[in-house]
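Undergrad: here is my input; please provide its structure:
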Amino acid sequence: MVSRARGQPISLAACCQPMKENKRRNMRYTGRMSPGSQPRLHGRGTVLNPSSRFDRLSVEPVPEAGLDASTVRTEFFRDRTRSLITGNDSPDIPFSFSINPYRGCEHGCVYCYARPYHEYLGLSAGLDFETKVFVKEDAPELLRRELGRPSWTGDPLGLSGVTDCYQPVERRLQLTRRCLEVMVECRQPVGAITKSALVARDADLFAALAHHHAADVCVTITTLDEGLRRALEPRAATADARLDALALLAERGVPAGIMVAPVIPGLTDHEIPRILERAREAGASFAGFTMLRLPHGVGALFDEWMTAHVPNQREKILGRLRQIRHGRLTDSRYGERMSGDGPLADLAAQLFRRARERTGLASHPRPLSLAAFRRPTRPCPLFE
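TA: Numbers count the residues shown, from 1 in each chain. Next comes the predicted model:
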């Protein structure tokens with residue numbers, strides 16, 4: 001079925017193809033995960049798959065009795081994009097340029113603000129977002145071409161600014177690692193953020209860039225409660241595994257920090273001090289936080305999640321969210337969308353600030369240096 005979006009219709013078949021075989025790299029892509037290729041994965045973030053907000057025609061399937069969303073297998077599609085580096089002018093984001101090797105994310109975090117991006121593909125922000133992942137298989141070559149342009153001057157790149165660059169399929173495809181290899185060659189400054197322990201695999205590359213003050217890594221933790229973590233982020237790494245990855249990076253000389261995100265008022269806000277303590281023990285040097293925001297259809301997904309997992313806390317959480325979002329579940333205004341507004345938001349910020357000061361963590365990493373940047377030493381064969 002092809003969904004039609006207002007404005008420019010997008011066909012799934014037109015923008016990508018199921019991944020079958022790539023003879024050029026002598027690698028086989030099956031379109032579904034092969035048995036044994038990854039650790040066993042558990043759960044899904046949501047059982048809902050609502051229509052895109054752009055759809056003119058909405059189809060509501062009859063739910064199957066006893067349907068387990070965790071049995072829905074992940075499909076991967078080739079993303080035929082011809083560019084990789086994207087720019088933004090948001091004052092809330094600490095980088096002006098970023099790259100994302102994947103669209104969609106198998107981690108399945110129910111609260112993820114990136115879910116609505118799937119609607120621009122004619123898909124759902126619900127189950128589609130975590131089961132239909134788009135793979136930019138030419139990402140390393142695209143990056144090499146774009147770093148070689150005369151107009152590019154080495155501005156820092158954000159790695160994983162939307163969906164996680166270290167989601168489970170990265171273990172097999174290694175697109176992020178190959179992008180980092182290009183960055184090491186060019187000494188391109190990069191700041192990465194992830195909730196995956198797989199980032200430790202690439203400690204050698206981050207360390208090579210850190211030698212030129214051109215890399216830092218931020219690990220995101222929402223909760224230390226493993227039961228809650230598995231419900232919120234069913235296919236992400238455990239908090240302990242993320243902290244172990246942070247420790248390894250710090251040992252290799254990579255500036256590593258912690259992002260407490262998202263803080264869910266009435267559910268996880270009390271964990272802020274302990275998360276920062278654990279991060280400091282692991283070797284973190286800086287820390288930040290963001291408050292939960294639920295853009296577009298993510299609010300309905302999160303509401304269903306609360307009903308299923310924390311029904312007794314649902315009204316309290318919704319009430320507090322509305323207190324910090326001017327009566328709504330989200331606020332897109334710059335300066336407030338990341339932190340919220342009002343007395344409750346101020347209390348959370350004060351709690352974080354005092355915990356950060358007590359643990360001795362900085363509020364930001366050291367600025368990345370552009371001084372060592374150099375253009376690629378060899379051309380990109382894909383575009384010759």
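Undergrad: can you pull out the helices in this protein?
TA: For the chain, the helices defined by DSSP state H cover 12-15, 127-131, 139-147, 170-173, 175-186, 203-210, 226-232, 239-251, 272-282, 298-309, 314-324, 343-359.
Undergrad: quick one, which of those helices is nearest to Leu84?
TA: helix 139-147 (4.0 Å; Cβ to Cβ). To be clear about C-beta, it is placed using only N, CA and C from the backbone, and glycine gets the same treatment.
Undergrad: what sits against Glu185?
TA: Glu185 sits next to 376-377 when contact means Cβ atoms under 8 Å, 6 or more residues apart in numbering.
Undergrad: picking up where we left off before, could the helices of the chain go into JSON lines alongside mean pLDDT and distance to Ser369?
TA: Below are the helices of the chain laid out as JSON lines (pLDDT from 0 to 100; distance: least, Cβ to Cβ, whole Å):
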{"stretch": "helix 12-15", "mean pLDDT": "41", "distance to Ser369": "37"}
{"stretch": "helix 127-131", "mean pLDDT": "96", "distance to Ser369": "36"}
{"stretch": "helix 139-147", "mean pLDDT": "97", "distance to Ser369": "16"}
{"stretch": "helix 170-173", "mean pLDDT": "97", "distance to Ser369": "27"}
{"stretch": "helix 175-186", "mean pLDDT": "98", "distance to Ser369": "13"}
{"stretch": "helix 203-210", "mean pLDDT": "98", "distance to Ser369": "10"}
{"stretch": "helix 226-232", "mean pLDDT": "97", "distance to Ser369": "35"}
{"stretch": "helix 239-251", "mean pLDDT": "98", "distance to Ser369": "18"}
{"stretch": "helix 272-282", "mean pLDDT": "98", "distance to Ser369": "24"}
{"stretch": "helix 298-309", "mean pLDDT": "96", "distance to Ser369": "36"}
{"stretch": "helix 314-324", "mean pLDDT": "95", "distance to Ser369": "36"}
{"stretch": "helix 343-359", "mean pLDDT": "96", "distance to Ser369": "24"}
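Undergrad: pick the most deeply packed of those helices.
TA: When the helices of the chain are scored by mean count of other Cβ atoms under 10 Å, the highest mean neighbour count falls to helix 127-131 (a mean of 24).
Undergrad: just checking, what packs against it?
TA: Helices and strands touching helix 127-131, as assessed by 3 or more Cβ pairs under 8 Å, 6 or more residues apart in numbering; DSSP states H and E, are absent.
Undergrad: what sits up against it?
TA: By Cβ under 8 Å, 6+ apart, the list of residues contacting helix 127-131 from outside reads 44-49, 69, 72-75, 104-108, 112, 114-115, 118, 123, 235.
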